[in-house]
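>>> for reference, the sequence and a predicted model appear below.
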Amino acid sequence: MKKSIVLLSIIITISLFAQKADVIEGKIKKSYGGSYIADVKIRHHDINYSDYVSEWQILDQDRKPITVRLEFAPKPEKEIIESELIGFKIPKGTKKIIIRAKCSKDGYGGKEFVIKIPSEDENASRQKTGE
């Protein structure tokens with residue numbers, strides 16, 4: 001009985017210190033030449049160079065990487081990290097993108113953010129109706 005209580009205490013303590021990087025918001029907009037700009041917000045308590053948001057990725061609906069944004073330094077004074085990526089292309093036929101973040105210590109596994117990509121037909125009808 002004592003062993004199970006000790007084990008449970010250890011698991012609870014570890015879970016309190018383990019924190020995945022959660023993508024809490026993501027936006028994309030078209031830029032010049034068919035490229036895009038992405039703005040993301042990631043929640044993570046950066047501590048030091050061994051535990052911080054080290055990168056975030058944009059994946060397609062099949063979870064194939066489209067692009068990656070590296071983060072080079074921790075931001076311990078911030079809980080919400082805002083980051084931008086300019087000039088990437090989204091392959092034709094992509095129906096949605098998935099944004100995920102990586103913690104240098106805990107890897108991937110936090111909350112992901114999904115953005116639906118309008119089809120070319122939807123874009124054309126929006127332009128005709130003035131939306």
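Done, it's in. Residues are numbered from 1 along each chain as shown.
>>> pull the number of nearby residues for the residue nearest to Gly110 when sequence neighbours are not counted.
Spatially, and ignoring its direct neighbours in sequence, Gly110 is nearest to Lys20 (3.3 Å; CB to CB, 6 or more residues apart in numbering). For every residue, glycine as well, the C-beta is placed using N, CA and C. Counted with other CB atoms under 10 Å, residues neighbouring Lys20 total 17.
>>> shouldn't Lys20 be within a helix?
No - if the criterion is DSSP: H, G, I helix; E, B strand; the rest coil, then Lys20 is coil and not within a helix.
>>> who does the residue nearest in space to the middle of the chain bridge with?
What sits nearest the mean C-alpha location of the chain, by CA atoms, centre = their mean, is Arg100, with 3.0 Å. On the basis of DSSP bridges, Arg100 is bridged to Gln57.
>>> ok, it touching Arg63?
No - look at Arg100 against Arg63 with CB atoms under 8 Å: they stay out of range, at 9.2 Å.
>>> okay, now the unreliable bits of this protein?
1-18, 120-131 (pLDDT under 70).
>>> where do the strands sit along it?
With DSSP state E as the criterion, the chain has strands at 22-30, 36-43, 53-60, 65-70, 80-88, 96-103, 113-116.
>>> contacts for the last one, please.
Residues outside strand 113-116 that contact it (CB atoms under 8 Å, 6 or more residues apart in numbering) are 23-28, 40, 95-100.
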